[in-house]
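1. only geometry, no sequence info:
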């Protein structure tokens, strides 16, 4: 069972890494196409936090799902709620860390939150549909 957990997580981590890489390329390209709009000052920190929290949350979700598969939907909702709270605290810290650029940093952050959540839910759905 532990080997299966590692395979699921490694597959997710590989996909998450590719997703983050391409998303970073897209964000960089968009900001380069519009030179009047500055790249958010904390973009690397935002991407890093999104990557680490998403990977950690998904790993814990895989472990919890193995203990209680019938509670998967409940665990997913709890996971999203806890991550949203952590992300809100992080967004507040982003504002405090760089007040002049707060709007760009927080806009990037919450845009990435939506994309990363959609990615994780899509990945989970694909994993569930492959079992059937």
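-> In hand now; what should we look at? The structure displayed is predicted, hence computed values, not measured ones.
2. Tell me the secondary structure at residue 36.
-> Three-state call for residue 36 (DSSP: H, G, I helix; E, B strand; the rest coil): coil.
3. And for it, the neighbour number?
-> Residue neighbour count, defined by other Cβ atoms under 10 Å, stands at 4 for residue 36. All C-beta spots, glycine's among them, are computed from the backbone N, C-alpha and C.
4. Quick one: residues contacting residue 95.
-> Counting by Cβ atoms under 8 Å, 6 or more residues apart in numbering, residue 95 touches 102, 105, 106.
5. Could you list the low-pLDDT ranges of this protein?
-> Applying pLDDT under 70 to the chain flags the ranges 1-3, 5, 69, 127-132.
6. Please name every helix or strand in contact with the longest helix along the chain.
-> For the chain, the longest helix by residue count, based on DSSP state H, is helix 2-33. Applying 3 or more Cβ pairs under 8 Å, 6 or more residues apart in numbering; DSSP states H and E, we find helix 2-33 packed against helix 43-67, helix 102-131.
7. and those, which is most packed in?
-> Ranked by mean neighbour count, these are led by helix 43-67 with a mean of 17 (mean count of other Cβ atoms under 10 Å).
8. The next helix or strand after that one: how far from the chain's middle?
-> Toward the C-terminus, helix 43-67 is succeeded by helix 72-97 as the next helix or strand (DSSP states H and E). How far helix 72-97 lies from its chain's middle: 10 Å, per Cα atoms, centre = their mean, to the nearest Å.
9. Next, the most far-flung residue of the chain relative to its centre: phi, psi?
-> Centroid-distance maximum for the chain: residue 36 at 27.8 Å, with Cα atoms, centre = their mean. Backbone geometry at residue 36, expressed as degrees, to the nearest 10, gives phi -70, psi -20.
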